[in-house]
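Q: need the 3D shape of this:
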Amino acid sequence: MAKVTMLNMAGGEAGTIELKDEIFGIEPNADAVHAVVVNYLANQRQGTQSAKTRAEVRGGGRKPFRQKGTGRHRQGSSTDPSQVGGGIVFAPKPRDYRYSVPKKLKRLALKSALSAKVADNEIIVLDELKLDAPKTKEMVNILSNVKAGKKALIVTAEKDENIVKSAANIPGVRTALVGTMNVYEIVNHNSFIVTKEAVEKIQEVYL
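A: Predicted coordinates:
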């Protein structure tokens, strides 16, 4: 088991915590992480893009100009894609980009992402994270104290509105719960900030 030094909100040491190798110490599987990240991004697509084909654009009733003698190429319809205002070839239409990946692959990717954070020293474990009221300035100070990167993901065991609201206006900082964190958010942030309580819950849920 890997031992990580815990910090308090002031940036001082607050003991150590053991991270189970089955979750935080596996050999990261880059293929699994890539597959799950691509799946996540595909599922975020709205798929509302649309353009008109030659069958849907207005016009096309009569031949736009005579067949010969104009010096132009022959044309039978103003809706032809080669004409200004004509239809679009293979026009995009609304579609659903969502698809699913196996649960085992998702779990492997999550463990790989967490293990990579530990291996790269990008994990910051806090003994606790509590604020009396929503204060953006106070959250900025905490992030500075623990030397968090410009992009940080804060994971807590339970939802705390004071923490969520305090981090909401800080560029590059996002909050998540143990049950809602995903592989894309983990790999997309420089620092993975997690409370002791959240670590215990992660090890309980994903072991």
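
Q: the helix ranked longest in the chain: which residues count as buried?
A: Using DSSP state H, we find that the single longest helix of the chain is helix 103-119. For helix 103-119, burial by neighbour count (16 or more other CB atoms under 10 Å) applies to 105-106, 108-118. All C-beta spots, glycine's among them, are computed from the backbone N, C-alpha and C.

Q: okay, now Pro64: neighbour count?
A: Each residue near Pro64 was counted by other CB atoms under 10 Å, and the total is 15.

Q: before we move on, the earlier item: what's the longest helix of the chain in contact with?
A: With CB atoms under 8 Å, 6 or more residues apart in numbering as the test, helix 103-119 has contacts from 2, 4, 19, 22-30, 32-33, 35-37, 122-123, 182-183, 186-187, 192, 202, 206.

Q: please repeat the previous calculation with a cut-off of 6 Å.
A: 2, 23-26, 28-29, 32-33, 36, 123, 183, 186-187, 192 (CB atoms under 6 Å, 6 or more residues apart in numbering).

Q: now do the next helix or strand along the chain from it: distance to the chain's middle.
A: Using DSSP states H and E, the helix or strand that follows helix 103-119 towards the C-terminus is strand 123-126. Relative to the centre of its chain, strand 123-126 is centred 20 Å away, using CA atoms, centre = their mean, to the nearest Å.

Q: strand 123-126 pairs with which strands?
A: strand 2-7 (parallel), strand 191-195 (parallel) (DSSP bridges).

Q: what's the mean pLDDT across the shortest one?
A: Across strand 191-195, the average pLDDT comes to 96.

Q: helices of the chain, start to end?
A: Using DSSP H, helices in the chain cover 21-24, 30-44, 103-119, 136-145, 161-168, 183-187, 196-206.

Q: quick check: the gap between Val155 and Lys196.
A: 11 Å (CB to CB, to the nearest Å).

Q: between the two, who's got more neighbours?
A: Between Val155 and Lys196, Val155 has the larger neighbour count (other CB under 10 Å), namely 22 against 17.

Q: bridged to the more buried one, which residues?
A: Ala176, Val194.

Q: which pLDDT value goes with it?
A: pLDDT, Val155: 96.

Q: residues contacting it?
A: By CB under 6 Å, 6+ apart, the contact list for Val155 reads Ala176, Met181, Val194, Ala198.

Q: again, but for Gly172
A: Gly172 neighbours (CB under 6 Å, 6+ apart): Lys150, Lys151.

Q: now do Gly15
A: Met6.

Q: 8 Å instead?
A: Counting by CB under 8 Å, 6+ apart, Gly15 has contacts Thr5, Met6, Asp127.

Q: which of those are buried?
A: Met6, Asp127.

Q: make JSON lines from the contacts of Gly15 and add distance to Asn169 to it.
A: Below are these laid out as JSON lines (distance: CB to CB, whole Å):
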{"residue": "Thr5", "distance to Asn169": "29"}
{"residue": "Met6", "distance to Asn169": "27"}
{"residue": "Asp127", "distance to Asn169": "25"}
